[in-house]
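> Got a predicted structure here, sequence first:
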Amino acid sequence: MSLSERMLKIDRRIIFLVIGLCTLLPLLYPVGLPIKISSEVRGVYDHIESLPEQSVFLLSIDFDPASKPELYPQAIALLRHAFRKHLRVVTMTLWVSGTGMADQLVTQVAKEMGKEYGTDYAFLGWSPGGQAVIINMGQDLYSAFPSDYSGKSTKDLPVLDGVRSLKDVGYMVSLGAGRPGVEEWYVFGKDKYKFDLGGGCTGVMAPGLYPLLRSGQINGLIGGLRGAAEYESLIGQKGKAVAGMDAQSATHLAIILLVIMCNLFYFSLRQQRG
Amino acid sequence: MTELPFESIVGAWVATGLTLLIFSFLYKDNPLFKLAEHLYVGVSVGYVIVKTYDTVIVHLVVKPIVENGEFALLIPVAIGMLMLTRYVPKAAWMSRYAFAFIVGMGAGLAIPRTVSSFILKQVEDTIRPLLSVTGPDSLTFSMNLLNPASHLNAIIILLGVSSVLFYFFFSIEHSGAGKAVARTGILFLMISFGAGFGYTVMARMSLLIGRLTDLIEFSDASYGRPTVWLSLLTIGALFLLARRGRAQPPDAH
């Protein structure tokens, strides 16, 4: 058996091991490769920067723990930025399976930034209906969420003073891992109720959302762990996303090399067989 | 060193254990992976059922009716209950009213909004001027590939959209000039699939990075080093399972 044949029939577990090591080693021994900020991530950052203090920032945490590695760092970076800008932060989720995680996330960042529940931020929890919730919020926010996650009446929350519907929101970002997510917030929210919308999504979804970005339907897009790392760099608080970028680059390099090697061995074998 | 709360330590051990059991599939399919897979499905479904019951039935239906006397809520409840008649063959026809309501309302809400957002807006963005008028007698053409709004990108998008649409036009044979246009369409499709696959690889690697980051964190002494102990346990269990598999003769079919 020639070298090409042996390499093309290599045990797949060796490839798993190579990818595993390429991920693990940079996490243990980071190099700190530079992170270039893309215009789509800067779009979200610049918009939040431009908001005056006490503007209402709505963050919809539309994912569950299955997408946590990509979207959790995005949410942390966005919340840190919004709290630092002294915005009134209102959070919610359209995914029932992400409710507990979203509550933990918001509480953790608010505690870290010294913010008070009810006055500086609120977590409205989950309400059933997906896109119907968005339409309902566009008409009357208190009818979509009569009470917050802890059961308090939303009408009594000072953070929602002067907010009756989505039209009163200064900026809205949906961090979506599927449906309902960024697209639904555009279709049933922004397109009808005219508020500024930005998006964050998993890497798999990003190519599908670029047409919305180019046409100006959303004014920024944070894509995957890479987008989260860019946002962390922008706010100057490096976290798990930046830490993972060396590993991401190393695995991408390994995959490119494997693809090239596989092609070389394939064509070499074809040539040998005439 | 600050001592971690008991629930954080238990959470770390459970998360580490389940991650390692799922990773054991990379070696080969085994009962440990199956155990973790079934636990994941069961816990997810259980969580969704409890949260849905608490939010919908308790907070959005029972409490408003009992505490605030909002009896109008009984109408959607009745429509929802009609769905359950599917389980009674003689009364199953009643569920059609509920389905008709949902389909009618869903289509009515979704069709105009989707047409406006995904067709009209996207067509509007595709048909952009290929040159800009900057003065009474001057035209400009921007060549910046990195700027999505440049004229060069507008031409590339126009070429891409036209050639891909032509590729899916099957009423005429793709030969001669038509073949060249269809081939161009395939080229654009391939670039699009490649970009999509690249992002997918990035996303999957991010998930692996997320799990490995947690495993590294949980190898700390403050958690009791669950990564170390449970890795040894998982490897040991896989070794024993492999030995047992070799000792037992294969099933006769």
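Structure's in. What do you need?
> ok, residues contacting the helix or strand containing A:Ala229?
Per DSSP states H and E, A:Ala229 falls inside helix A:224-235. Applying C-beta atoms under 8 Å, 6 or more residues apart in numbering or on different chains, the external contacts of helix A:224-235 come out as A:35-38, A:40-42, A:44-45, A:69-71, A:73-74, A:77-78, A:80-81, A:84, A:200-203, A:206, A:221-222, A:238-239, A:241-242, A:244-245, A:248, B:199, B:202-203, B:206, B:209-210. In short, each C-beta sits where N, CA and C put it, glycine included.
> What residue in chain B comes nearest to chain A?
Nearest residue of chain B to chain A, counting by C-beta to the nearest C-beta: B:Gly210, 2.3 Å away.
> What does the pLDDT read for that residue?
Per-residue confidence (pLDDT) for B:Gly210: 94.
> Could you report the neighbour count for it?
The number of residues packed around B:Gly210, counting by other C-beta atoms under 10 Å in any protein chain shown, is 21.
> Find the nearest non-adjacent residue to it, please.
Leaving aside its sequence neighbours, B:Gly210 sits nearest to A:Pro69 (C-beta to C-beta, 6 or more residues apart in numbering or on different chains; 2.3 Å).
> Off-centre distance for the helix holding A:Ala229?
On the basis of C-alpha atoms, centre = their mean, to the nearest Å, helix A:224-235 sits 10 Å off its chain's mean C-alpha point.
> Which residues lie in contact with residue 36 in this structure?
All of this refers to chain A. Contact partners of A:Lys36, counting by C-beta under 8 Å, 6+ apart, are A:Glu230.
> that answer is for a different chain, and I need it for chain B
Per C-beta under 8 Å, 6+ apart, neighbours of B:Ala36: B:18, B:21-22.
> quick one on the thing from earlier: looking at the helix holding A:Ala229 now, give me its mean pLDDT.
Throughout helix A:224-235, pLDDT has a mean value of 96.
> do stretch A:150-160 as well
pLDDT averaged over stretch A:150-160 gives 93.
> And stretch B:76-91, by the same measure?
Mean predicted lDDT for stretch B:76-91 stands at 93.
> Now that stretch: buried residues?
Within stretch B:76-91, the residues that qualify as buried are B:82, B:85, counting by 16 or more other C-beta atoms under 10 Å in any protein chain shown.
> element containing the closest residue to chain B within the stretch 1-150 of chain A, please.
Residue nearest to chain B within the stretch 1-150 of chain A: A:Pro69 (2.3 Å; C-beta to the nearest C-beta). A:Pro69 is part of helix A:68-84 when elements are defined by DSSP H and E.
> can you give me the angle whatever helix or strand B:Gly198 lives in makes with helix A:68-84?
Per DSSP H and E, B:Gly198 falls inside helix B:177-217. Per axes from the mean of the first three to the mean of the last three C-alpha atoms, to 10 degrees, the angle that helix B:177-217 makes with helix A:68-84 is 80 degrees.
> Heading C-terminal from helix B:177-217, find the next helix or strand.
Using DSSP H and E, the helix or strand that follows helix B:177-217 in sequence is helix B:226-247.
> Any residue of that following helix touching chain A?
No: against chain A, helix B:226-247 shows no contacts by C-beta under 8 Å from any C-beta of the partner chain, the least distance being 11.5 Å.
> Give me the contact list for that helix.
The list of residues contacting helix B:226-247 from outside it, by C-beta under 8 Å, 6+ apart, reads B:12-13, B:16-17, B:20-21, B:24, B:27, B:30-32, B:215-216, B:218-219.
> can you map out the strands along chain A?
Along chain A, the segments classed as strands by DSSP state E run A:56-62, A:88-93, A:121-126, A:171-176, A:197-201, A:221-223.
> So B:Leu146, which state does it fall into?
Assigned by DSSP: H, G, I helix; E, B strand; the rest coil, the conformation of B:Leu146 is coil.
> Quick one: neighbours of it, just the number.
Counted with other C-beta under 10 Å, B:Leu146 comes out at 7.
> The stretch 151-274 of chain A against chain B: which residues are in contact?
Within reach of chain B by C-beta under 8 Å from any C-beta, the stretch 151-274 of chain A has these residues: A:151, A:183, A:186-188, A:191-192, A:202-204, A:206-208, A:211, A:213-217, A:223-226, A:240, A:243-244, A:247-248, A:251-252, A:255.
> who's in contact with the residue of chain B closest to chain A?
Counted by C-beta under 8 Å, 6+ apart, B:Gly210 has contacts A:68-70, A:225, A:240, A:244.
> from the contacts of helix B:226-247, which has minimum pLDDT?
Scanning those for pLDDT, the smallest score is found at B:Tyr27, 91.
> before we move on, the earlier item: buried members of the contacts of helix A:224-235 into PyMOL, please.
Buried residues within these, by 16+ other C-beta under 10 Å, are selected in PyMOL with:
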select buried, (chain A and resi 35+40+41+44+45+69+70+71+73+74+77+78+80+81+200+201+202+203+206+221+222+239+241+242+244+245+248) or (chain B and resi 199+202+203+206+209+210)
